[in-house]
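K.L.:
sequence isn't available, so here's the structure alone:
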């Protein structure tokens, strides 16, 4: 149960309790409208770019070449979770770096017509390695982290797991 994925990185920055639930394959409500909007947005945005490259523990939404650079991208419906998205993409960049590929990343927020460059520098890499350490502690815990309400709870697909 020690497989760290981009999804777990994403959830760690939103709600560590979700990390524990997701690691146990307790999937969120797939009928949740916000999950569905994310799927549609990902499928309909940036169609000219190569999409969904699957590697162990990660799904890269966009792969594109600009001049001499290869850029990987992550499509999100809102910049509300920009920190989580940035760290998820940084995780992909770290994994690719470990494979010998030093790439750049971009976050895409199509509804906002916003693009954010993500570069794996020393500071982000250090923070990411700390997050990975904390995620391992969470997923190896016998019990979930206690419920702690935050600003994202009201639109969370795991709401029933925490507040029913």
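P.N.:
Done, it's in. Every value quoted in this text rests on a predicted model; they were computed, and no experiment measured them.

K.L.:
what about the helices in this protein?
P.N.:
6-14, 16-23, 33-44, 82-98, 122-139, 159-163 (DSSP state H).

K.L.:
of all these, which one is nearest residue 71?
P.N.:
helix 82-98 (10.3 Å; Cβ to Cβ). Where you see a C-beta, it was placed from the backbone N, CA and C, and this is true even at glycine.

K.L.:
packing partners for that closest one?
P.N.:
Using 3 or more Cβ pairs under 8 Å, 6 or more residues apart in numbering; DSSP states H and E, the elements in contact with helix 82-98 are helix 6-14, strand 58-66, strand 69-75, strand 104-109, strand 114-118, helix 122-139.

K.L.:
just put the ones you listed in JSON lines and tack on mean pLDDT and distance to residue 153.
P.N.:
As requested, these are exported to JSON lines (pLDDT from 0 to 100; distance: least, Cβ to Cβ, whole Å):
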{"stretch": "helix 6-14", "mean pLDDT": "93", "distance to residue 153": "10"}
{"stretch": "strand 58-66", "mean pLDDT": "87", "distance to residue 153": "26"}
{"stretch": "strand 69-75", "mean pLDDT": "90", "distance to residue 153": "23"}
{"stretch": "strand 104-109", "mean pLDDT": "95", "distance to residue 153": "22"}
{"stretch": "strand 114-118", "mean pLDDT": "96", "distance to residue 153": "25"}
{"stretch": "helix 122-139", "mean pLDDT": "96", "distance to residue 153": "18"}
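
K.L.:
how about those in JSON lines, adding distance to residue 81 and mean neighbour count?
P.N.:
Formatted as JSON lines, those follow (distance: least, Cβ to Cβ, whole Å; neighbours: other Cβ atoms under 10 Å):
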{"stretch": "helix 6-14", "distance to residue 81": "6", "mean neighbour count": "21"}
{"stretch": "strand 58-66", "distance to residue 81": "15", "mean neighbour count": "16"}
{"stretch": "strand 69-75", "distance to residue 81": "11", "mean neighbour count": "18"}
{"stretch": "strand 104-109", "distance to residue 81": "10", "mean neighbour count": "20"}
{"stretch": "strand 114-118", "distance to residue 81": "12", "mean neighbour count": "14"}
{"stretch": "helix 122-139", "distance to residue 81": "15", "mean neighbour count": "14"}
